[in-house]
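>>> fold the following for me, if possible:
(chains A, B and C)
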Amino acid sequence: MFQRLPDAGDATLSITIDGKSVPARAGDSVAATLLAAGIDHCRTTPVSGAPRAPYCMMGVCFECLVVIDGVGNRQGCLIPVRDGMAVQIQHGKRELER
Amino acid sequence: MSTSSDVDVAVIGGGLVGSAIAWGLAKIGQRVAVLDEGDIAFRASRGNFALVWVQSKGLGMPEYAGWTVRSSEAWGGFADALKAQTGIDVSHQRPGGFHLALSERELEQREQVLKRLHNQPAMQRYDWEIMDRERVRQALPQIGPGVVGASYCPLDGHVNSLRLFRALHTGMQQLGVTYLPNHTVDSIAHRNGAFIIRSAGGEVQSGKLVLAAGNGNARLGPMVGLDVPVRPQRGQIVVTEKVAPFLNYPVVTVRQTDEGGVMLGDSLEEAGFDPTVGTGVTSVIADRAVRMFPQLARLNVVRSWAALRVMTKDGFPIYDHSATCPGAFVATCHSGVTLAANHALALAPLIAAGHLPAEQFEVFSARRFHVPAVA
Amino acid sequence: MSTAPQLRDSYDVAIIGAGPAGMAAATVCAGAGLSTVLFDEQAAPGGQIYRAVGETPVRRASVLGNDYWYGERLVQVVRASAAHHVPGATVWSLSREREIGVSIDGAARLVQARRVIIATGALERPFPIPGWTLPGVMTAGAAQILLKSSGMIPQGRTVLAGCGPLLWLLAWQYLNAGAKLDAILDTTPRANRKTAWPLAAPFLLSPYFRKGLRLLLSVRRRVRVITDVNDLRAEGEGKLQTVVYRAGDGPETRLPADTLLLHQGVVPNVNLAMSVGIEHRWDDEQLCWTPVVDGFGGTAVDGIAIAGDGAGIAGAWAAEERGKLAALAAVRALKPDARREQLPDEARVRLALAQVARGRLFLDRLYRPADRFRLPEGDTLVCRCEEVSARQVVETVALGCTGPNQMKSFLRCGMGPCQGRLCGLTVTELIARARGVSPAEVGHYRLRPPVKPITLGELAAMPKSEAAIKAVVRG
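Numbers count the residues shown, from 1 in each chain, chains lettered A, B, ... in the order given. Got it, this is the predicted structure:
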């Protein structure tokens, strides 16, 4: 559960998380945006289906894997948000895209 | 210095070959010790592709084809026995396997090899077929436009080889095998019918000896009157992140494990004892895989590794027993997964009985390599 | 340096990582006239300590503190230099012949360099407590990144736990920003005070002391601090709901929580260096692997040096000085006639390094994490990627497994995408304790490229020699 500081600049962009629109700030990572949007977990593991969320925010833990614009296993903390981006919670193993 | 004088068989090497033999020996009541190296060692087993593979093996030695088919048939029972004993399911699957061709020339060459293989006198024949692109697509709908066809053999399959490794070690422990890591062997002597093995970790004595030390056999063999002309041959493997199941059949260079990752191979390099991964080779591996299954292009590689196969001049195994040191055996091959069933269930009892019957094993002896020595 | 110039196929010097060490090294090399490329995975230079210092949305300087803003100058200087800074560049391989595999915008390519300086810094030491994989549990470093890069602070009930200066720094920054902290659970072992005390004198004379003391007192005035925490776990259904702890001889206490921020020090980020085959030694003082380097960060691999925390944890100021030393060595090797006025004076750099090193041993000793928080038990996960527990690791040692590489084969730990960054130290130490030997004897994971993921498509597009093709396509 994270919130933006009042003087942190406006979240003028928007992305969707599992189809639901949330505000996003230019320059934020996808992972930060998910946390600000209050998601409980960003994926469930391919091994046991356990829920996971971002842990290190610097690209070394690989917990923040999400589906972005149809492509799975993307590290949300290393990818800046783009207006209109479609993010999905990844369930289990990555799906092989068509 | 510890000594063990109550060991029936000492197996040198705890990889897939050594473990399968040791397990098989222990299962029939032999008292076994396995001497293994430490955490960093060449370990050809690490380079396995987990295939239980039959098609195209044995061109030049039809007996090897027969040996392979036998192991493939016995594998199901072997997997069941391991599961019954240890509770570990090694996920043995035998849906048949494919060897994909990326050009007409490749497909023709493949057909030629298989025809020649099956035309060998004394060849134990089995089903195989050359499939055109359309038939391959029915089984493997994701193939790319570059795939022109394939050879298919219903006897081919694969297994979770890491779980196999764990099952063998767990099984060995349960059967009372003494597993001795950090026991790299320095010397072996043969006195009064016993083998005295000196290693970094201590001394072991046993009634019989099995050399299953991969490329290390070349050094150890002469100590007990065995010639084991093997050399390292590097192979590299690339593995992807876990993906939802999409590949229902193993392809000889592309297989999806039951954990979801896709393994890609394979390569052959004469690089001595250098197990370094090179971008060039992994790139070619990746390129061919992507041409076979274009959807793979977007998957992330999570690791790659290289291992040193144990290779003989003709590529066929060496099974031998020593004439000068009775009770000493050697077993080496580069298909440790496929042959694991035979090693555990067919070879181990023969070793326990003390000798390898000539009709069956003469063909696998290293004597086949002996040409008049050139000084 | 406004529009991005074309990336060349080769440079005199390639620097990997744009933290203080990398930035300092790039500035020196470029200043001496060497063609220099600075690869960095993040969108802007600064590394982790000076993360987003050029564009942080946290406008009030007092929130993050002067030590953070010091980084702004380093960034300005490197941007003004002739060094080619390449952001968003993930280095996935480095060969002994100094060929770098780098992925930019989803396309991989190879760049050759005559000298390479690895400046990949540090990462958080794993903190494997029961429940550490629950959503809502993060590292203090992650919290700092959210603050610096995105101006975000936690909402709801927030607990900090662990030990080390960074934990106090985060708390201080949070309080400055107006965040509410429910508690700080200090896991610094009581016994550490005894072992640290003999080294107090240099620390008291060091720049860290006054700064640290001010910070600590300021935080303790405003937040509830529980010391001598010797048991800690995170609980919840599907996400963090409760932090459970025990302090001293006290009873088990339950704290409702939405966010738990863990920290027990940082350790070198060794994956790239290890994948090149650079020898690493077990450092029993810092309880981690550090590379074997000379006084200029040079390794046994010709032309490859390591600077900054990646060469051993010593902090941001030391990283800057070590970056200069590695750069000096590169300049001397490639341009021996470079004008001395263009270069930092070695003696002064070493003096500065000695000054900032003073007092660190005290901090290392004082904040040495407890065994119980480095060596988990039972069902606590050790390998997060493959979900392997401590119990499984210990049971496999009993099966005869002697080291982490065999452990990989038995249990798959270390085979996930993080490549052991979050489990390697734990696995080594667990095996060492189970076997009754030192971690040095147990060893570490063997690492190979790619050390960061690249796609098969990217890999497939790499150059292929005739020999490589022949090795794979065998008719």
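
>>> can you give me the helices in the stretch 101-250 of chain C?
Applying DSSP state H, counting those that start in this stretch to the stretch 101-250 of chain C gives helices spanning C:140-150, C:165-177, C:192-196, C:200-204, C:207-222.

>>> any stretches of the chain with poor pLDDT?
Picking chain A for this. Regions of chain A meeting the criterion pLDDT under 70 cover residues A:98.

>>> switch to chain C, that's the one I care about
Residue ranges of chain C with pLDDT under 70: C:1-4, C:475.

>>> max-length strand in it?
strand C:107-118 (DSSP state E).

>>> mind checking how far that strand is from the chain centre?
What separates the centre of strand C:107-118 from the centre of its chain is 21 Å, taken as CA atoms, centre = their mean, to the nearest Å.

>>> what about the closest residue to residue C:223 other than its chain neighbours, distance to chain B?
Nearest non-adjacent residue to residue C:223, counting by CB to CB, 6 or more residues apart in numbering or on different chains: residue C:181, 4.7 Å away. Heads up, the C-betas are built off the backbone N, CA and C, glycines and all. Distance of residue C:181 to chain B, given as CB to the nearest CB, to the nearest Å: 37 Å.

>>> again, but for residue C:443
Distance of residue C:443 to chain B, given as CB to the nearest CB: 5 Å.

>>> now that residue. Its backbone dihedrals?
Dihedral pair for residue C:443: phi 90, psi -170, per degrees, to the nearest 10.

>>> now stretch B:168-182: average pLDDT?
For stretch B:168-182, the mean per-residue pLDDT is 97.

>>> export the helices of the stretch 101-250 of chain C to a markdown table and tack on mean neighbour count?
A markdown table is the format used below for those (neighbours: other CB atoms under 10 Å in any protein chain shown):
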| stretch | mean neighbour count |
| --- | --- |
| helix C:140-150 | 26 |
| helix C:165-177 | 21 |
| helix C:192-196 | 14 |
| helix C:200-204 | 15 |
| helix C:207-222 | 14 |
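
>>> so where do the helices sit in chain A?
Secondary structure of chain A (DSSP state H): helices at A:30-36.

>>> check the spacing between residue C:448 and chain A real quick.
Separation of residue C:448 from chain A (CB to the nearest CB) stands at 17 Å.

>>> next one: residue B:135
22 Å.

>>> likewise residue C:147?
As judged by CB to the nearest CB, residue C:147 and chain A stand 8 Å apart.

>>> that residue against residue C:154, yeah?
No - applying CB atoms under 8 Å as the test, residue C:147 and residue C:154 come out as separate, 9.6 Å apart.

>>> need the overlap of contacts for the two.
Here residue C:147 and residue C:154 have residue C:174 as joint contacts, going by CB atoms under 8 Å, 6 or more residues apart in numbering or on different chains.

>>> the residue at minimal distance from the centre of chain C bridge partners, please.
Central residue of chain C (CA atoms, centre = their mean): residue C:122, 1.4 Å from the mean position. As for beta bridges, residue C:122 partners with residue C:268 under DSSP bridges.

>>> is it true that it touches residue C:270?
No - counting by CB under 8 Å, residue C:122 stays clear of residue C:270, with 9.6 Å between them.

>>> need the overlap of contacts for the two.
residue C:310.

>>> what segments of the stretch 151-300 of chain B are helices?
B:161-174, B:217-220, B:279-292.

>>> run a quick neighbour tally on the nearest residue to residue A:25 once chain neighbours are set aside.
Of all residues beyond its chain neighbours, the one nearest residue A:25 is residue A:11 (4.3 Å), with distances taken as CB to CB, 6+ apart. Around residue A:11 there are 18 other residues, counting by other CB atoms under 10 Å in any protein chain shown.

>>> and what of residue B:337?
As a burial measure, residue B:337 scores 23 neighbours (other CB under 10 Å).

>>> can you pull the contacts of it?
By CB under 8 Å, 6+ apart, the residues touching residue B:337 are B:16, B:48-52, B:159, B:161, B:164.

>>> for those, which one is nearest residue A:22?
residue B:50 (43.3 Å; CB to CB).

>>> show me what contacts whichever residue of the stretch 251-400 of chain C sits closest to chain B?
Per CB to the nearest CB, residue C:400 is where the stretch 251-400 of chain C lies closest to chain B, at 4.0 Å. The contact partners of residue C:400, taken as CB under 8 Å, 6+ apart, are B:14, B:36, B:169, B:173, B:179-181.

>>> so can I have TSV of the helices of the stretch 151-300 of chain B showing mean neighbour count?
Putting the helices of the stretch 151-300 of chain B into TSV (neighbours: other CB under 10 Å) gives the following:
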stretch	mean neighbour count
helix B:161-174	23
helix B:217-220	19
helix B:279-292	25
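
>>> and chain C, which of the ones you listed is closest to it?
Once those are compared by CB to the nearest CB, helix B:279-292 is nearest, at 3.3 Å.

>>> give the next helix or strand downstream of the closest one.
strand B:300-311 (DSSP states H and E).

>>> is that next one up against chain C anywhere?
Yes - using CB under 8 Å from any CB of the partner chain, strand B:300-311 reaches chain C at B:300-306.

>>> quick one: strands adjacent to that strand?
On the basis of DSSP bridges, the sheet neighbours of strand B:300-311 come out as strand B:231-240 (antiparallel), strand C:454-455 (antiparallel).

>>> now for the helix or strand that comes right after the shortest one, which elements pack on it?
The element immediately downstream of strand C:454-455 (helix or strand, assigned by DSSP H and E) is helix C:456-460. Helices and strands in packing contact with helix C:456-460 are listed as strand B:231-240, helix B:279-292, strand B:300-311, strand C:107-118; criterion 3 or more CB pairs under 8 Å, 6 or more residues apart in numbering or on different chains; DSSP states H and E.

>>> and the contacts of helix C:456-460?
Identification of contacts with helix C:456-460 by CB under 8 Å, 6+ apart yields B:238, B:240, B:264, B:279, B:282-283, B:286-287, B:289-290, B:296-301, C:103, C:106-108, C:450.
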